[in-house]
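Peer 1: Just to be clear, the model below is a prediction. Sequence and coordinates:
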Number of protein chains: 2
Amino acid sequence: MKPDPAVLQSCLLFRGKSVDEIEALLQKMLYSVSSYQKNMLIFAEGDTADRIGIILSGRVEVQKTHPTGSSVTIAHLNVGQTIGEAVLFRRENIVPATATATGPCSILFIGKQELLRLFTTDTDMLTRFIENLSERLVLVNRKIEMLSAGPLRRRMIYFLLEQAMQQSSDVISLPFSRKEWAEHLNTARPSLSREMGYLRDIGWIEFKGSRIALLNREAMNDYIRTDSTISGKEK
Amino acid sequence: MKPDPAVLQSCLLFRGKSVDEIEALLQKMLYSVSSYQKNMLIFAEGDTADRIGIILSGRVEVQKTHPTGSSVTIAHLNVGQTIGEAVLFRRENIVPATATATGPCSILFIGKQELLRLFTTDTDMLTRFIENLSERLVLVNRKIEMLSAGPLRRRMIYFLLEQAMQQSSDVISLPFSRKEWAEHLNTARPSLSREMGYLRDIGWIEFKGSRIALLNREAMNDYIRTDSTISGKEK
DNA sequence: TACTATCGGTAACGGATGTTACCGAATAAA
DNA sequence: TTTATTCGGTAACATCCGTTACCGATAGTA
C-alpha cells in the first residue's frame, strides 16, 4: 500500500517538505504499511520496539493495562501522529503501554536503523524528530498540570478554556464522547455530568451533544485564577 | 568555575565518556557556570530558552505558577539532571514553568548553537540527548499513571511499590519530605498522614522519619491489582 | 536557656466525588 | 417495525479527602 504524501506533510517528522520531496523520499526509503481493524493490537505492553509508527488513517488509542484487564486510556492519536518514538531510543526499549486501533486504520512503520540512516542523510528530519519528542513532552506535562489542577470543576473549566483557546471560539466541539472525556479528566462519567449540570445552572455554559458553549469566559478565568490549588505554596 | 568531570559522568548527556574525554571536551566547549542561592530563579515562566542547563550541585524545583502566586511542583531535579532540554528545540521555545533552587546550587549552561555543533562533532552525544528526552517522556508518563491510579491509598501504595522496586529493598528511604511527597501525590499533607496511619494500623507498613518499611508487599500488590480503577474499561 | 520556625502526626468537619441504579433518547441490528 | 445496545443525564448514598486547628518534636538562633 502506498502512503499519501499529503498525509505525511501533516506529520511533524516531514513538516516543511513538499509533496514532491516526500514522494522522492518514499522511493528511497525502507518502510512498511500495515492495516488494522477496530480493537486490533498495534503495540502490546512488553514488546520491544524497534520501529516507529506514523498513523496514515484512523485513530489509535494508547492505554495502560492493569493486570486485572481493566485499563486507563493515556492518549488518543490521530492521523499524522507518531507512535513508539519515545521508546525507540531508550536503553530499555520495552513498550510501556498498549496501542489499539479505535477503528479501521493504517500505519506506516520505519525501522530504527533506517531512521538513523535518514537522520544522517537529512539533518532536517533529525531536528523534526527532536522537535516531535519535545512537543510530546510539553503536551504530557500539560496533562499533568490539568490533572493537578484540583477539584473536578476546576479541571473541567481548565480544559474548556484550553479548548476554547485552541479552537479560537466560544463554542467548543468536544473531540470525544462524555465517557472518554471523563477518562481524560480522570473522573467518573456521572460526576462529570453532575458538574456539567451545575455549570449550566449557574449560566456559565450551555451544551447539546458534543457542542459546548462558554457563556462567561470572564468568570471562568476568574475561577481558575482564584486560588484553591491543592497544597499550593505561597510565595 | 570549573565543573567536576565526575559529576558530568552521571549526566545522561555524557554517559559512557571517561573523565579524560570529558576534560578534553570541556577545553573545547563553550559553556558557562552559574551559582544560585536558595529560592533564586533559574528559569522564569515565559522566558525564551536558548540553552540547556546541567545541575552540577544542589537541587532544583520545577513548578507551575498560577497567576495568583500559588504553585504546584512538577518535578525535582538532582545533580546530573538537565533542565530546559524539552523546550530548547520546540518552535515555540517558551519556558512553560518556573525553575528555582531549593538550596545553594550551581548549573552548567550550554547554548543551543553550541549543542548543535557538538552533535555534529560527536554523534554519540546526539544519541544521548535523544535518549534523555525519551527517558523524561517515559518518566512523565509514569507520573500520569500514578496520578490516575485512583484514590489516594492506591496512589501511595503504587508509589511505595515502585520505590521498593527501584531501591530493591523492602525498606525505603523517601527521597523527600512529607510535604513534598504529598505534592508529588497531588494531595494534602494531612490526608497523606491519615493514610500512613491507616496503613500502619493494618500492619502493611512501619515508618519513622524518611524510612518506610513495607511489611506485606504481597497484600499491597494484591491491592493494586484488585480492580477499582476510575472509569476502567473491561476487556 | 528561651524563642521561633518548621515539620509531622492527629482529629473533626464538611464538601467533593465515586458508586450504583434508573431512565429516556438515539442508534444499530433483527 | 421491534428489539438490543450504547450513550448520557439524573438522583441518592457512602466514602474519600481537603481544610482547619492543635500539639509535640526538632532544630536553628539570640
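Peer 2: Good, I have the coordinates. Numbers count the residues shown, from 1 in each chain, chains lettered A, B, ... in the order given.

Peer 1: my read: A:K143 touches B:I144, true?
Peer 2: Yes: the pair A:K143 / B:I144 is scored as a contact, 6.2 Å apart, by Cβ atoms under 8 Å. Bear in mind the C-beta positions are built from the backbone N, C-alpha and C, glycine included.

Peer 1: where along chain A do the strands fall?
Peer 2: A:32-36, A:41-43, A:51-57, A:60-65, A:71-77, A:82-83, A:98-101, A:105-111, A:171-173, A:205-208, A:211-214 (DSSP state E).

Peer 1: Quick check: can you name the pairing partners of the first one and their directions?
Peer 2: Pointing back at strand A:32-36 there. strand A:105-111 (antiparallel) (DSSP bridges).

Peer 1: Over to the shortest one?
Peer 2: According to DSSP bridges, strand A:82-83 forms sheet pairs with strand A:51-57 (antiparallel).

Peer 1: can you list the residues of chain A near DNA strand D?
Peer 2: Chain A comes close to DNA strand D at residues A:177-179, A:189-190, A:192-194, A:196-197, A:207, A:210, A:228, A:230-231, as judged by Cβ under 7 Å from any atom of the strand.

Peer 1: Return the helix or strand in chain A with minimum mean pLDDT.
Peer 2: When the helices and strands of chain A are scored by mean pLDDT, DSSP states H and E, strand A:71-77 comes last with a mean of 71.

Peer 1: A:L118: how many residues sit nearby?
Peer 2: 20 (other Cβ atoms under 10 Å in any protein chain shown).

Peer 1: Pull up the gap between the residue lying closest to it once chain neighbours are set aside and DNA strand D, please.
Peer 2: Excluding the flanking residues, the one nearest A:L118 by Cβ to Cβ, 6 or more residues apart in numbering or on different chains is A:M125, at 5.4 Å. Distance, A:M125 to DNA strand D, by Cβ to the nearest atom of the strand, to the nearest Å: 38 Å.

Peer 1: what's the neighbour count on the closest residue to A:V60 other than its chain neighbours?
Peer 2: In this structure, A:V60 finds its nearest non-sequential neighbour in A:L77, 4.4 Å apart by Cβ to Cβ, 6+ apart. Here the number of neighbours of A:L77 (other Cβ under 10 Å) works out to 21.

Peer 1: so A:L77 touches A:I54, yeah?
Peer 2: No: at 9.9 Å, A:L77 does not count as touching A:I54 under the criterion of Cβ under 8 Å.

Peer 1: What is the neighbour count of the residue nearest to A:D47 when sequence neighbours are not counted?
Peer 2: Nearest residue to A:D47 in three dimensions, chain neighbours excluded: A:V95, at 4.7 Å (Cβ to Cβ, 6+ apart). Applying other Cβ under 10 Å, we find 20 residues neighbouring A:V95.

Peer 1: Longest helix in chain A, please.
Peer 2: helix A:123-147 (DSSP state H).
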